[in-house]
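>>> fold the following, please.
(2 chains)
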Amino acid sequence: MADRSWAGADRSGGGGVLEQDPDLPPVAVDPDVLEAEHRRWTPVRIAVWTAIALLGGVAWVVIAIVRGETVNAIWFVFAAVCTYLIAYRFYSRYIERHLLRPDDRRATPAEYKADGKDYVATDRRVLFGHHFAAIAGAGPLVGPVLAAQMGYLPGTIWIIVGVVLAGAVQDYMVLFFSMRRGGRSLGQMARDELGVIGGTAALLATLVIMIIIVAILALVVVNALAESPWGVFSVSMTIPIALFMGCYLRFFRPGKVAEVSVIGFVLLLAAIVGGGVIAETAWGADLFTLDKVTIAWGIVVYGFVAAVLPVWLLLAPRDYLSTFMKIGTIVMLAVAIVLVRPVLEVPALSEFAANGQGPVVAGSLFPFLFVTIACGALSGFHALIASGTTPKLVEKERQTRLIGYGGMLMESFVAIMALVAALSIDRGIYFAMNASGAATGGTVEGAVAFVNGLGLAGVDLTPEMLTQTAEDVGEESIVSRTGGAPTLSVGLAHIMQQVVGGSGMMAFWYHFAIMFEALFILTAVDAGTRVARFMLQDSIGNVVPRFKDTSWRPGAWLATAVMVGAWGAVLLMGVTDPLGGINTLFPLFGIANQLLAAIALAVCMAIVAKQGTFRYLWVVVLPLAFATAVTVTASLEKIFSPVPAIGYFAQHRAFRDALDAGETSFGTATSVEAMRAVVRNTMIQGVLSIVFVTLTVVVILTAVAAVWRSFRRRAATSAEDPPAPSRLYAPAGLVTTPAEKALEAQWLEHQAARPRVRTGHR
Amino acid sequence: MTAAGSLVGRGVRGVAWFVRGVLREDAYERYLEHEASHGRRPTDPGVLTEREFWRDRTDRQDHAPEGRCC
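You can find the predicted model right below:
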């Protein structure tokens, strides 16, 4: 068994290609030795893994079976971490051995294409952090919060099981396949593997999906900042801070990235504190209290300007700041949850899991739970990152397991922490914050009446609870602050104030959380717009060649305007939606993201089949089939459901009929104009759902056809770059094995004798 | 005492190394290493200076944007 990976590599590369330079120490640990190490079960090792399994098992029992009044958050951490460790040790290793078969004798693109700029062999631990910072964002923070309306159990199971069997598998495979193809993008791989029809459908789907994702992320920011002078001030200060950082790096101290990030971080903290002071003053409150429509236009204008300005001025420094904040706050939150161990008073499974009438996002557990959680368990967007920068930086092939699979496990852990933070706040407050303004009327009295009217066991909301919480976090009101970000911020403030600062610091922590979520999202908005613009220019370029030239200003501006116009229109539609916005649009975001995952997995399936590894194809088919079932069911429900709260066209017909009958108000729409808006919005949302699902079905069908062709042919082929022999060595995982250590020592010795040769490890 | 001190020192240096790496602050050093592996010294013609390198880096990003996730 053990020699298969070597034989496999030689088969694809032809014998003798990977002949190693005899002057160098070995560039890979002998796979037989690795396998023997992996299989050697010493008593200590057995004890450690038994302990992990037992602790994880007990944690799952406490979460899933024991039915007390409350459950301590620490069990979520144990269940998650123990499951991740076991999955990483056994399942990802299974995928490595049977499906991907990395070969450390082969040079990675970072080695054979090394240019010192884009292709640079990077230490595995650093690249793990870098990759994680690129994939993690607001998604895993927001989705689980919204899904918490169904109780804690369904979300927890999907976040943990989903990442192990789906999300991490996708990230690992896409990273590996892209690395074997010199860092090719998902779109290019789709064209290579699925042909013109499948490739074009994948490209179009990606473009439309990016528009939706950017629009709805922006909607989350708008909802978090509306009527919040403190939030508006501190978040808008990130722009001058980023401009300052950009100029500092360009003209004053080039390359001092960490230094400028620390300066930026201090300025950011000052902006948060300053926001609190300014929001107290009459002029400040006057100037920075903005309604949703104004903020939405602000973001649209910002998005356009950010996408046409040079990268060094705004995008690059904002990205440094966002990376710095991301790693810092996630570590901070993890430490705080372990220290505080909040107690959750939420049912495992709520009424809304079954009846599908949840006020936060409508729809029953299957498929809408999976669509809502999106990023934390399986995120198609990651496939764009895993086939972008990261594969060009991987040092050794076997490290892709740590970076791809391991990186996604970290993201899932972030989602679990977000879920815990959101669940730690009072359930009545949770629903008051997350029910749409259409349901609560936006007033404290309306919210109390609505939430208590839901008939939830153990929920008894009083007006004082809402006004007190609003006062604690320094906001005018917390009623109907939908989108997930404000709820998470309240939860996080609640946890953090127990560690640092006490209740007096709650307002600071709330705005700190709002700030970092807004920062992540705005970074995703600029970068997303820019990436989408290039994709559009490339597509138009096939017809009008001039557009391929990305430095041609009119083309760049036009393509940017088209992209910003597209997501801006969806954003404004969500902001002005008489039905509430998030509850109608968020499912579209989740569906889009999961459809992209289905596309990525379909491409992976075609590649695995082409290699001829049919016996293990189920590893890809399993998540692909599930993602397809979820997204297609969700899309079909959104298109065909007769329930107006779920089906876009049912809602469309209901409002149109009411207009035809001459009514002047219907449901939550109080004027003819609002009714017309609903008629228009539901039509757009419905058509988008049809476009998504059609494109994805085309991609999946072409992938299935490709698998069938490979099966008929039975001969392994591949579009991989030809193998080149590696000339450097580095261990694969976070923990080095004895054989890896011995080889590392051998390289250090070799390096000491010939100081000019870089080994690629420290 | 000194053992504990050196352990702390190693920890701090490790964190600094990691943060620098994740922010890609060491990009210019990596570039020089690459050039050195081809026998070019920092002062040789055609090898970018630190300032030129960072300009070139962000200017190339103008045409090859990196995605950021949701």
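>>> and the helices in chain B?
According to DSSP state H, chain B carries its helices in the segments B:2-22, B:27-37, B:50-63.
>>> buried residues in the second one, which are they?
Pointing back at helix B:27-37 there. Taking 16 or more other CB atoms under 10 Å in any protein chain shown as the neighbour-count basis, helix B:27-37 is seen to contain the buried residues B:Ala27, B:Tyr28, B:Arg30, B:Tyr31, B:Leu32, B:Glu33, B:His34, B:Glu35, B:Ala36. For the C-beta atoms, the positions are set from N, CA and C on the backbone; glycine is no exception.
>>> quick one: A:Ile700 and A:Gly406, what's the gap?
28 Å (CB to CB, to the nearest Å).
>>> then A:Thr670?
52 Å.
>>> and the two? which has more neighbours close in?
A:Gly406 (23 against 13; other CB atoms under 10 Å in any protein chain shown).
>>> below-threshold pLDDT in chain B: ranges please.
B:1 (pLDDT under 70).
>>> and of the buried residues of helix B:27-37, the nearest to chain A?
Comparing the buried residues of helix B:27-37 against chain A with CB to the nearest CB picks out B:His34 as the nearest, at 3.0 Å.
>>> just the strands from chain A, written as ranges.
Per DSSP state E, chain A carries strands over the ranges A:71-72, A:343-344.
>>> who does the first one pair up with?
This means strand A:71-72. Sheet pairing for strand A:71-72, assigned by DSSP bridges, gives strand A:343-344 (antiparallel).
>>> can you pull the contacts of the residue nearest the centre of chain B?
Centrality entry for chain B: nearest residue to the mean C-alpha point is B:Asp26, 1.2 Å, by CA atoms, centre = their mean. Neighbouring residues of B:Asp26 by CB atoms under 8 Å, 6 or more residues apart in numbering or on different chains: B:Arg20.
>>> tell me if I'm right that A:Leu585 and A:Gly574 touch.
Yes - counting by CB atoms under 8 Å, A:Gly574 is a contact partner of A:Leu585 at 4.7 Å.
>>> intersection of neighbour lists for those two?
The contact lists of A:Leu585 and A:Gly574 share A:Ala215, A:Ile216, A:Leu219, where a contact means CB under 8 Å, 6+ apart.
>>> ok, and the most crowded of those?
A:Leu219 (29 neighbours).
>>> which residue is the nearest non-sequential neighbour of that one?
Computed as CB to CB, 6 or more residues apart in numbering or on different chains, the closest residue to A:Leu219 that is not its neighbour in sequence is A:Gly574, at 4.5 Å.
>>> what's around that neighbour, how many residues?
29.
>>> if I look at it, how far off is chain B?
Counting by CB to the nearest CB, to the nearest Å, the gap from A:Gly574 to chain B is 16 Å.
>>> residue contacts, A:Ile63?
A:Val71, A:Trp75, A:Phe76, A:Ala79, A:Tyr152, A:Leu153, A:Thr156, A:Ala348.
>>> and the spatially closest residue to A:Met189 that is not a sequence neighbour, what pLDDT?
Nearest residue to A:Met189 in three dimensions, chain neighbours excluded: A:Val603, at 5.4 Å (CB to CB, 6+ apart). Turning to A:Val603, the model gives it a pLDDT of 96.
>>> likewise for the one 3 residues further on?
On pLDDT, A:Ala606 comes in at 96.
>>> so it makes contact with A:Ala703?
Yes - with contacts counted by CB under 8 Å, A:Ala606 reaches A:Ala703, the gap being 4.7 Å.
>>> shared neighbours, the two?
Shared contacts of A:Ala606 and A:Ala703, counting by CB under 8 Å, 6+ apart, come down to A:Glu193, A:Leu194.
>>> which ones are touching the closest residue to chain B within the stretch 251-400 of chain A?
Closest approach of the stretch 251-400 of chain A to chain B (CB to the nearest CB) occurs at A:Trp312, with a separation of 3.6 Å. Neighbouring residues of A:Trp312 by CB under 8 Å, 6+ apart: A:Gly246, A:Leu249, A:Arg250, B:Arg55, B:Thr58, B:Asp59, B:Gln61.
>>> any idea how far the first one lies from chain B?
By that I understand A:Gly246. Taking CB to the nearest CB, one finds A:Gly246 at 9 Å from chain B.
>>> now do the contacts for that residue.
A:Trp312, A:Leu313, A:Leu314, A:Ala316, A:Pro317.
>>> what do you get for the fifth one?
With contacts defined as CB under 8 Å, 6+ apart, the neighbours of B:Thr58 are A:Arg250, A:Pro310, A:Val311, A:Trp312, A:Ala316.
>>> switch to 10 Å and redo it
A:Gly246, A:Leu249, A:Arg250, A:Pro254, A:Pro310, A:Val311, A:Trp312, A:Leu313, A:Leu315, A:Ala316, A:Pro317 (CB atoms under 10 Å, 6 or more residues apart in numbering or on different chains).
>>> and the nearest residue to it once chain neighbours are set aside, what pLDDT?
Distance criterion CB to CB, 6+ apart; nearest residue to B:Thr58, sequence neighbours excluded, is A:Trp312 at 3.6 Å. Listed pLDDT for A:Trp312 reads 94.
>>> just the one 3 residues further on next, same as before
With respect to pLDDT, A:Leu315 has a value of 91.
>>> who's in contact with it?
By CB under 10 Å, 6+ apart, the neighbours of A:Leu315 are A:242, A:246, A:306-307, A:309, A:523, A:526-527, A:529-530, B:58, B:61-62, B:65-66, B:68.
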